Structures are given as structure tokens and as C-alpha cells.
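Engineer: need a structure here:
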Amino acid sequence: MMNLITVLLGLAMLSLVQSRNYPVLDCKYGQLPGRWVNAAGRSDGKEVFYQPVGIKQDWKLFDARCRLQPLADQLLSSNSSQPGNRVPILLIGDSTDRFIQQDVCELGKMVGARTDSIGFDTDQTTLRVPEVDGVPQKFECNHCSGCMTDFATIGHSYVWGVSPTGPYHYNKTGGWMERIPDVIASFKNLTGRDPEMVVFASNFWDIASWGTRNASILDTDDLEDWVMEDFNQNMSHVLSTIESLVPASAIKVFKTSAWPEPADCMGQSALKGYLGRKSHVAQLNAAGKHMAAMHGWEVVDLEPMVAKFGHPSMYLRDNIHPHMFLNIEIFNIYLNILRAHGHFMAPAQTDIGI
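Structural biologist: Okay, the predicted model is just below:
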């Protein structure tokens, strides 16, 4: 009798679980498994205007409870706006991040027709924004640059890797301990608000700087333990510093790096020798994801997003920088993360039925 009761209770609980649509409180949009689907399969028949011929696809997550909404498409292809509520997003890293910023700025009606910089009036309190036909143009701030669109203020700043002292690739000066506090303060002064999202990614500068300091570090596929331990310690210091400089409510994101163009058909060494080997990129991606998890950061992982492409030239515009279609998908993930945490109000129509 007890066994029968146990079975009946079990079936009842199973039925209850299957019949209820439990909300997902924390969708990891940048890490959940997904695949590329043809944009032509959208229920609205919309084509993605910024994608090259033959690539018109969207990144779709398998988990239907965590569907990515096409926020970037909607905002960049229309006159949608967030009046008086441009969400401040600060990207800190290498030139791949700068291209994300530039692509969003260009598609967000930031065509760069003027090169005037945003600046402060003589009283240093009134922000003046150069405009062309009412559209705010690009800006410069201390160690950073960016633009204002209708829906976001997007800044970018370089750091030369997680080493606090260098030496750095191209003999760059001024380590992250100087640059990061300066750029966050400068960005806040420009926008009048703390950044609501900070994205960090410096893997390519780290690899290139190792080649500057001691090229033998890159001679083998596997980075030595002391190299990885040093990287993890420095990465943790960077993440902790950013955390101390922005509100606890700000979304912090680590972005992995996509494999650059290879030097030969074997595909293991980068065309630009100072970017090391495919295995070096993979190891830093893994270490960065680990440190991000230790600090409670979000992760946007490019590796699974580019895995389907037979050759990096299919997702790169040159030997290192992703095509616009991939950059906008990355930015769309950022917007979905912001929306999930209440930092960004989505446009009225968000479900495209894919």
C-alpha cells in the first residue's frame, strides 16, 4: 500500500512539474549552448541588414526559457529610442572590442560624418555634444573613445594586458592600474552616470606582451604553470579593481576571444606570429572564464559561436577582427543581459518567433 501511495505521489509531482512553466531567474545568455539559424526562417520574414550574403543567421539558444530577443536588430534598424535613458556601456580591452563599439556606433546612426569630440564647456560642468542633423557624434575621453546612439552610450578603452607593469607589446606605456581607474572616472564624468555594464577582455594583448617579454613562452602549445598562475593572479586583481570602481549593481562581463586567422592549413599558429597559437587563446579563454566565475561575473563565450565556421575568414573581416554580423550578435547578448537585470527597457516588440 505504501509503495502504491509513493508511486502516486511521484506521478502527481511529475505532472505538476511538467504542467508549470517555472521562470528562469538567471539566464546565462553568453554561455548557454546554441546554434546559428537562418534569418530567413524568422516568422516576420525580416532579413538582417548588416550581414553579408550567405551569412544571414541568428544565434539561437537551445533553452527556450532563455530565448535571446533581437534587441540589437530592433534598435539598430529602426528609430527606436530610449529618450533620456541611454544605457552606459564601457568596453575595456583590445581592438576586437573597439570594432564592436564602432559597428554599433555606425549602425546606430553614428556614421562619423563629423570628427568633433564631445567635450566640456569652459566651466567644466556643461556637456556639449557635437551633432549632425540632431544626431550625437563620436566622443573622446581620458584613455577612451565612443559614441552616443539613441539607446546607449558606448565607450571603449585599451588595456595592454593583465600584467600591472609590462613590458607590453609595441612598447605601450601605462598599465591597467593607471588606465582603468582613469577611464571609468572619465566615462562617468562624460555621461553623468556610472557605467551599467563593464566588459573586460585583453587576451590578445596578454599573448602579444608575453612575446615581447619572453618569446620562448609561446614556443610550445601548452603554457607553463607559472605563466597561467601569473595570469590568473593578475586577472583576479583586474576584476577586483573594476568591482571596486563601479556600483555593485553594474553588470560585469568577461568576453572570450575568437581564434584569429591561422598562418597555414594546419591552423595552429596565428598569421600574426605575436598572437601565439590556437591553444594559447583557448587556455586564456578557459582561465578567464574560471576567474570570472570566481568573481561572479557574466561571461560571453565566443568559442562556441564560431565553432561551426570551417575557417576563421568566415567570421573575420581581416586576420583578427570579427565581421559586423558577429559583433552585433555579441552586442545583442550584452543587451539581453542588461534587460534581464533590469538595466535596459526592451522595445515593445521582442518576439520574432524563431
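Engineer: pull out the buried positions in stretch 320-339.
Structural biologist: For stretch 320-339, a neighbour-count test (16 or more other Cβ atoms under 10 Å) marks 320-339 as buried. For the C-beta atoms, the positions are set from N, CA and C on the backbone; glycine is no exception.
Engineer: let me redo that: stretch 245-255
Structural biologist: Those buried within stretch 245-255 under the rule 16+ other Cβ under 10 Å are 245-246, 250-255.
Engineer: got CSV for these, with distance to Trp205 too?
Structural biologist: As requested, the buried residues of stretch 245-255 are exported to CSV (distance: Cβ to Cβ, whole Å):
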residue, distance to Trp205
Leu245, 20
Val246, 21
Ala250, 23
Ile251, 23
Lys252, 19
Val253, 17
Phe254, 14
Lys255, 13
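Engineer: now, which of those sits nearest Phe344?
Structural biologist: Of all the buried residues of stretch 245-255, Phe344 sits closest to Ile251, with 9.7 Å by Cβ to Cβ.
Engineer: can you count the residues close to the nearest residue to that closest one once chain neighbours are set aside?
Structural biologist: Leaving out its chain neighbours, the residue that sits closest to Ile251 by Cβ to Cβ, 6 or more residues apart in numbering is Met197, at 4.4 Å. Met197 is flanked by 24 other residues according to other Cβ atoms under 10 Å.
Engineer: my guess is Lys255 contacts Val198, does it?
Structural biologist: No. Using Cβ atoms under 8 Å as the test, Lys255 is too far from Val198 to be in contact (11.0 Å).
Engineer: which element follows the helix or strand hosting Asn234 toward the C-terminus?
Structural biologist: Asn234 is located in helix 225-245, with elements delineated by DSSP states H and E. Next helix or strand after helix 225-245 toward the C-terminus (DSSP H and E): strand 251-255.
Engineer: pairing partners for that following strand, with directions?
Structural biologist: Within its sheet, and counting by DSSP bridges, strand 251-255 is paired with strand 197-201 (parallel), strand 298-300 (parallel).
Engineer: and that strand, C-alpha only, in PDB?
Structural biologist: The C-alpha trace of strand 251-255 is given here as PDB (Å, rounded to 0.1, in the frame of the first residue of the first chain):
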ATOM      1  CA  ILE A 251      26.900  44.200 -14.800                       C
ATOM      2  CA  LYS A 252      30.400  42.900 -15.100                       C
ATOM      3  CA  VAL A 253      31.200  40.700 -18.100                       C
ATOM      4  CA  PHE A 254      34.300  38.800 -19.300                       C
ATOM      5  CA  LYS A 255      34.400  38.100 -23.100                       C
END
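Engineer: what sits up against it?
Structural biologist: Identification of contacts with strand 251-255 by Cβ atoms under 8 Å, 6 or more residues apart in numbering yields 30, 93, 97, 196-201, 239, 242-243, 246, 288-289, 291-292, 295-300, 302, 330, 334, 337-338, 341, 343.
Engineer: immediately after that strand, which helix or strand?
Structural biologist: helix 278-295.
Engineer: circling back to that earlier point, for the residue nearest to Ile251, give the beta-bridge partners.
Structural biologist: Bridge pairing for Met197 - DSSP bridges - gives Ile89, Ile251.
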